[in-house]
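[1] Give the three-dimensional model of this entry:
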Amino acid sequence: MKILIVSPEVSPYAKTSGLADATSMLARSLRKLGHDARLILPCYKNIDDNGFSLRKGRKSIEVDIDGTAQKGLLRQTLLEGVPVYFIENRDYFHRDGLYGNGQGDYADNAQRFGFFCHAVLQLLRRMDFRPDVLHLHGWQTGLIPVLLRTALKGDPFYAHMGTLFTLHGLDETGLFPGTNLNNLGLDNDELAKDLALGDGISFLKGGLLYADQINTLSETYRDELHSAEFGGEFAPLLRRRSATFHGILNGIDTRSWDPSLDMNIARPFNADNLNGKKANKRALQKETGLALEPLVPLVGLVAPLSVEKGLDLIAAATDELLKRGMQLIVAGRGEPALERQLAALRDHSPEQAQVFFSNDAGLARRIFAGSDIFLMPSRLEPSGLEQIIALRYGAVPVVHRTGGLNDTIIDIDERPRQGNGFVFEQASVAAMLGALDRALAAYENRRQWLKLVKRCMTQDFSWTRAAEKYVELYRKTREQRLY
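    Purely as a prediction, here's the structure:
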């Protein structure tokens, strides 16, 4: 099949979140499976600033935005055999930052990404590539299925293109004043009603309502979004679309996250030789100031320090955690109140607990490699990558049963032969400590623990597996059109 992945960011060219890695890895994995997958994104200023060499194309289009003709130029390059297209408009995209300047979002983001949606569809007419499926990511692409089913409805050029819209989360909805519809060439009372959210219109809602198929990042998160607790104002819409709403778990880059090749850790290791795991634990203890205790279980946590990630549970359980005789290391940045509470934990017993207010990628890798147990008490986790990385690096996860955590971690007490971690049901201190206590007790049986570690390290959460599931969904998207 021919698939065009449309995203506001793609690694290594433009990145603010895991979305950039996901789209990049998906395209490369699809290509390896024999499909003609390509990528398209805006041509941001930092792409030139960082020295990426892009070929300037001769293809261009014009889009009327706010009554002004905005020109879009097509540039391109190759990423490990994947064609990558960039839409250049210096007025809109030649700025610091992708969505804002560090002081907040750009005031004209509706115009910027409304232009991007129009330009993607117009440039397809000029390219020697007519995709079977447009795979759309982020609110920034939400107007593409809207345009296909309104302004471009009945156009034979687009008649056989299916649309799949991937929901990465509801933290950003692309909410703008309703007057923007007219400015973007979409002045329509019915459309304004469809896209209405609060006092404005939502680009995200456009993608969720008008795409042929939609999906999110795990089956459990898909089910959770049907409830008001998780789905909020979008829950009724997602329930209505239940038959065309799917869950596909993201993979990880198994080349990048490989403890046998990782140059950031003290010593390489794999499931067949865990001696390097011991060396990494000792090196992490030495680096962070923890006591050099090889037999004391070391519990790691790498995450944004937020209530959503369950760090308030850690902060509330500091005394109880220290009583357990384990070691704890936490790394991340986040909410000031939580940082203060966690700093108190570190200052109280620095040889037993260390906290680093840092997003240092190398330190994160060393925590994965050196930890015996990885704690992930998230209240909300659409997919989760940290628990998958922890598995790969032999750090047995202790997780709250939600979203992608539920879809990746099997409680060893529930299914002893398939189990790969410890799961707690309620987002509470008592439930978290109960699961942690089970993990600490299991750690004492070294022979069984090492079997568990090897089982964790040999599980397949690669992007190839995820891409195969996307191929199935692309076929369904192509065959089951909404119009």
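[2] Every contact and neighbour count from this point should use C-alpha atoms.
    OK.
[3] Return the distance of stretch 448-455 from the chain's centre.
    Taking C-alpha atoms, centre = their mean, to the nearest Å, one finds stretch 448-455 lying 28 Å from the centre of the chain it belongs to.
[4] do stretch 187-204 as well
    27 Å.
[5] pLDDT (mean, whole number) over that stretch?
    Here stretch 187-204 scores 90 as its mean pLDDT.
[6] same check, this time on stretch 406-423
    97.
[7] just checking, next helix/strand downstream of the helix or strand of the chain with the lowest mean pLDDT?
    None of the helices or strands of the chain scores lower by mean pLDDT, DSSP states H and E than helix 180-183, at a mean of 86. On the C-terminal side of helix 180-183, the closest following helix or strand by DSSP states H and E is helix 189-195.
[8] Return the list of helices and strands in contact with the least confident helix or strand of the chain.
    helix 109-124 (3 or more C-alpha pairs under 8 Å, 6 or more residues apart in numbering; DSSP states H and E).
[9] now the angle from the next helix or strand after the helix it packs on to helix 109-124?
    As assigned by DSSP H and E, the chain's next helix or strand after helix 109-124 is strand 133-137. Angle, strand 133-137 to helix 109-124, by axes from the mean of the first three to the mean of the last three C-alpha atoms, to 10 degrees: 160 degrees.
[10] Please name the residues that touch the residue of the chain most remote from its centre.
    Relative to the mean C-alpha coordinate of the chain, counting by C-alpha atoms, centre = their mean, the farthest residue is residue 67 (36.0 Å). Going by C-alpha atoms under 8 Å, 6 or more residues apart in numbering, residue 67 touches residue 183.
[11] now the one 4 residues further on
    The contact partners of residue 71, taken as C-alpha under 8 Å, 6+ apart, are 60-63, 89.
[12] Which stretches in the stretch 201-350 of the chain count as strands?
    Assigned by DSSP state E, counting those that start in this stretch, the strands in the stretch 201-350 of the chain fall at 213-216, 245-247, 298-302, 327-331.
[13] Just give me the neighbour total for residue 158.
    The number of residues packed near residue 158 is 18, by other C-alpha atoms under 10 Å.
[14] For it, give its distance to residue 480.
    Noted for residue 158: a distance of 15 Å to residue 480, by C-alpha to C-alpha, to the nearest Å.
[15] now swap in residue 150 and tell me
    Residue 150 is 18 Å from residue 480, by C-alpha to C-alpha.
[16] go on, residue 195?
    23 Å.
[17] So between these two, which is more surrounded?
    Taking neighbours as other C-alpha under 10 Å, residue 195 and residue 480 compare with residue 195 leading, 24 against 13.
[18] mind giving me the domain ranges of the protein?
    2-251+464-479, 275-460 (automatic domain parsing).
[19] isn't residue 422 right next to residue 440, touching?
    No. Using C-alpha atoms under 8 Å, residue 422 makes no contact with residue 440, being 10.3 Å away.
[20] sorry, back to before: would you mark the buried spots in the least confident helix or strand of the chain?
    Residues of helix 180-183 classed as buried: 180-181, 183 (neighbour count, 16 or more other C-alpha atoms under 10 Å).
[21] May I have the beta-bridge partners of residue 202?
    Note on residue 202: beta-bridge partners residue 175, judged by DSSP bridges.
[22] does it really touch residue 172, like I thought?
    No. When contacts are counted by C-alpha under 8 Å, residue 202 is not listed as touching residue 172 (9.6 Å).
[23] which of those two has more neighbours?
    Neighbours were counted for residue 202 and for residue 172 using other C-alpha under 10 Å; residue 202 has more, 25 against 13.
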